[in-house]
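**Q** Predicted coordinates and the sequence they were generated for:
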2 protein chains.
Amino acid sequence: MRVAAARRYDQRVPKLSIGLIGCGTVGGAFVELLTERREIIATRTGVELTIGQIAVRSPEKYRDRGIAAELFTDDPQSVVENPEIDVVVELIGGLDPARALIRRALELGKPVVTGNKELLAAHGTELYAAAAASGVDLLFEAAVAGGIPLVRVLRESLVGEDVNRVTGIINGTTNFILTKMAEEGADYADALAEAQRLGYAEADPTADVEGFDAGAKAAIIASIVFGAGVVPDDVHHEGISGVTAADIESARRLGYVIKALAVIDREDGPDGPAIGVRVHPAMVPHHHPLATVNDSFNAVFVEGTAVGELMFYGRGAGGDPTASAVLGDVIDAAVNLMNGDAARLVISDRATVRSVDAMRSQFYLTMKVSDRPGVLAQVAAIFGQHGVSIQTMEQWGAGDEAEIYFILHETTTAAIRETLAELSKVDAVQGIGSVIRLVDGR
Amino acid sequence: MRVAAARRYDQRVPKLSIGLIGCGTVGGAFVELLTERREIIATRTGVELTIGQIAVRSPEKYRDRGIAAELFTDDPQSVVENPEIDVVVELIGGLDPARALIRRALELGKPVVTGNKELLAAHGTELYAAAAASGVDLLFEAAVAGGIPLVRVLRESLVGEDVNRVTGIINGTTNFILTKMAEEGADYADALAEAQRLGYAEADPTADVEGFDAGAKAAIIASIVFGAGVVPDDVHHEGISGVTAADIESARRLGYVIKALAVIDREDGPDGPAIGVRVHPAMVPHHHPLATVNDSFNAVFVEGTAVGELMFYGRGAGGDPTASAVLGDVIDAAVNLMNGDAARLVISDRATVRSVDAMRSQFYLTMKVSDRPGVLAQVAAIFGQHGVSIQTMEQWGAGDEAEIYFILHETTTAAIRETLAELSKVDAVQGIGSVIRLVDGR
């Protein structure tokens, strides 16, 4: 099939035809970008790319948008099956029918480019294996960090590197909200409302603010980095809706900023190495490269044994940046198809994943206490009993208004949970305030 | 030749043998890294990589370093010619004999990985063409930004992108010196001495502090980004030795940090687009992502029409990070060789390059003046006569100690030079102080 596709053209510059499934913000930007850049791409890569067919739900809505009407169909299956289509670009999102369409395209020996994080997070292992079996590409730069070329770097540049940890700001909505809270002293509800007004957040913001979007991306990153399948159910989520203006101010005074992070790491456990994947707000020291990543920008910080620290920064969403990532993948897929070649991605069936209980962090913790003699000793003793050691402690206010904050040395989530349960039984402890992880300083 | 190499092995995991030329800090780290990671590389890529031969000036010095003595030779030519060697890694640096060795390896159909920025900057176009003619890879990630996977991203992910400008901190020595000056208020000479003591700067620091190292890297980046050959003579250099503690303090008060930057851009001129490549100290607004890149870290900021702003951050030098980049390239070259494939890089013969006179920037400028009525009007008139418009002006001190600083709107280097020449003829102008470019805010 692939040889046939490559041989069909015998002109000087071979042409490949792209079938696009879905033509929303990213798809529309992709068509425009490809049209603008076609000549230069042909010069640089030796392949001429054209849009052969576009499947959308309602083709009649796409009249007068500068794209020839005869390219449109409402039948995505026909695009995949069309023998004139060499490369399939899937931008409809969701599990079905995207999953079956991609599988069928790969079966037919057609490389696929997709931006579908939900599908890859849930069924990536199956789809990567299908691509490998057909010997064609399944590329998905746009699914992970928008315009940031992270997947290529992880798959290719760092394939020989011993990556220890990946820490990412990979959701633009939550980064926008937390940036507004930090810059304007706004509270969460107001910052969310502003994000919604500006189109950075959906009317129902759950997928973003509760970490499901970042969790799907983190599962994909973990699978690539560690070569073992990680699915969304493996990811521990904590949202940002509990972060208060007071937390952000307190973080600032201590030299930190609060960011919504995805943290992907590997630790040696009793049964060999186990992967941890978690999404939660965290306090980042202000000198850390991630601390200055603001507004809706994304960034991914990679730590490897030989390479040291790397960071990749850019637009994690938006039509044009994401279309740029799709175009990079389409060019790669097209050149590989002409050469009868494909990118390789080996993912073993399932990863061994640590439960959140076993994941280690430093913690920031606040509690309201009665300011009576002996209370602090009692609280400190409970930390000690659970093996949790205190790095910094400070009391603000006095009397019944006293609040203590702690920064704790690295410990497990389980130890913190047990400590908090015990503390809540102490009379003088009127309430636990915020519990926020720290990412370690450098 | 390539088919022969690929077919020589018929075991389940094919083996490729690497010939290493040069075994200093990076070469030694590369041998160690490859040895440690061989199994996982074989699993992930399907190719087993071994070190077949190592050419060094004095093989006897490499006894007892944990590398088999019989791998060493003092004849690099024999490594290139050795029919058992499939991939050549050149890490000796300098123009000769590296140039002839690489050409010969490519002629023999052997992919080459090199970290030789001097050679690629001077003769890249010739060598890229030789690689293309042989249909094998010439990869050079390690030559540009150490461990940061910049070249792959520019060559592959962004091959379809309309890149407008690349702004990089691509010399760790000067970034270390400027960071020390900013953090400790140190003057240039003391910060340089500290860099030398810590091994970040050479005894003769000229190549770093005068911008020749960054200039060579900038020439390579410009060639890749714009697909046209740029050589070191095309690069305008200004060193950092004139930057004073007072400049840094003044920048800080204005909301800037001073960084040694390489700026690569393209402007439409009367004869079509022309490339500008320059290396100089510059004032970077403190909210710019490059402003927080400190110590010996490097970072490259890329602006593209569709992708927007990207930044790549990491270690630009050092044995392990650079070896990681070499390994990434070796794996790529090996996999491509097995597939009878090669990365593609189209560089037209020579770029049209703008002279520094035509390059536009905002400028920061200080001058000592006699604090007399009418002086400022006289100075302002001279700016106006040369079409240079003032954004900000402030006078510090009074009487014969008066100093004025200006921030000027974007203008050409020629206009600034002519303005300064005229100003120096004005009686009341006692001297021009610093002239430092600004990178524009976002």
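**A** Thanks, I have it. Worth saying up front: this structure is predicted, and the values here are computed from it rather than measured.
**Q** same for the helix or strand harbouring residue A:196, what does it pack against?
**A** Using DSSP states H and E, residue A:196 sits in helix A:188-197. Here helix A:188-197 touches helix A:172-184, going by 3 or more CB pairs under 8 Å, 6 or more residues apart in numbering or on different chains; DSSP states H and E. Backbone N, C-alpha and C define where each C-beta goes, glycine included.
**Q** name the helices or strands packed onto the helix it packs on?
**A** Helices and strands touching helix A:172-184, by 3+ CB pairs under 8 Å, 6+ apart, are helix A:188-197, helix A:206-209, helix A:245-254, strand A:256-269, strand A:297-304.
**Q** was I right about residue A:195 contacting residue A:175?
**A** No - using CB atoms under 8 Å, residue A:195 makes no contact with residue A:175, being 9.9 Å away.
**Q** Among these two, which residue is more densely surrounded?
**A** residue A:175 (28 against 24; other CB atoms under 10 Å in any protein chain shown).
**Q** ok, now how distant is residue A:218 from residue A:242?
**A** For residue A:218, the distance to residue A:242 equals 20 Å [CB to CB, to the nearest Å].
**Q** Looking at these two, which is more packed in?
**A** Counted by other CB under 10 Å, residue A:218 and residue A:242 do not tie: residue A:218 has more neighbours, with 31 against 13.
**Q** Go ahead and confirm the more buried one touches residue A:280.
**A** No - between residue A:218 and residue A:280 there is no contact under CB under 8 Å: 10.8 Å.
**Q** Mutual contacts of these two, please.
**A** Shared contacts of residue A:218 and residue A:280 (CB atoms under 8 Å, 6 or more residues apart in numbering or on different chains): residue A:263.
**Q** Return the most buried member of the helices and strands packed on helix A:172-184.
**A** Among the helices and strands packed on helix A:172-184, strand A:297-304 has the highest mean neighbour count (mean count of other CB atoms under 10 Å in any protein chain shown), at a mean of 24.
**Q** Can you give the distance of it from its chain's centre?
**A** Distance of strand A:297-304 from its chain centroid, counting by CA atoms, centre = their mean, to the nearest Å, is 11 Å.
**Q** Tell me which helix or strand comes right after that strand.
**A** Immediately after strand A:297-304, counting by DSSP H and E, sits strand A:308-315.
**Q** how about that following strand against chain B, any contact?
**A** Yes - Strand A:308-315 lies within reach of chain B by CB under 8 Å from any CB of the partner chain, at A:308-315.
**Q** what about the following helix or strand past that strand, distance to the chain center?
**A** Using DSSP H and E, the helix or strand that directly follows strand A:308-315 along the chain is helix A:319-338. Centroid separation for helix A:319-338 versus its chain: 19 Å, with CA atoms, centre = their mean.
**Q** Helix A:319-338 versus strand A:297-304: what angle between them?
**A** Put simply, helix A:319-338 runs at 50 degrees to strand A:297-304, going by axes from the mean of the first three to the mean of the last three CA atoms, to 10 degrees.
**Q** Helix A:319-338 - what's its average pLDDT?
**A** In this model, helix A:319-338 has a mean pLDDT of 95.
**Q** do it and chain B meet at all?
**A** Yes - Helix A:319-338 is in contact with chain B by CB under 8 Å from any CB, via A:320-321, A:323-325, A:327-328, A:330-332, A:335-336.
**Q** Tell me the one among those residues nearest to residue B:344.
**A** For these, the closest approach to residue B:344 (CB to CB) belongs to residue A:335, at 7.0 Å.
**Q** can you pull the contacts of that closest one?
**A** Residue A:335 is in contact with A:45-47, B:344, counting by CB under 8 Å, 6+ apart.
**Q** Could you save those as CSV and add columns showing pLDDT, neighbour count and distance to residue A:94?
**A** Formatted as CSV, the contacts of residue A:335 follow (pLDDT from 0 to 100; neighbours: other CB atoms under 10 Å in any protein chain shown; distance: CB to CB, whole Å):
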residue, pLDDT, neighbour count, distance to residue A:94
A:45, 88, 20, 31
A:46, 88, 15, 35
A:47, 92, 20, 30
B:344, 78, 19, 35
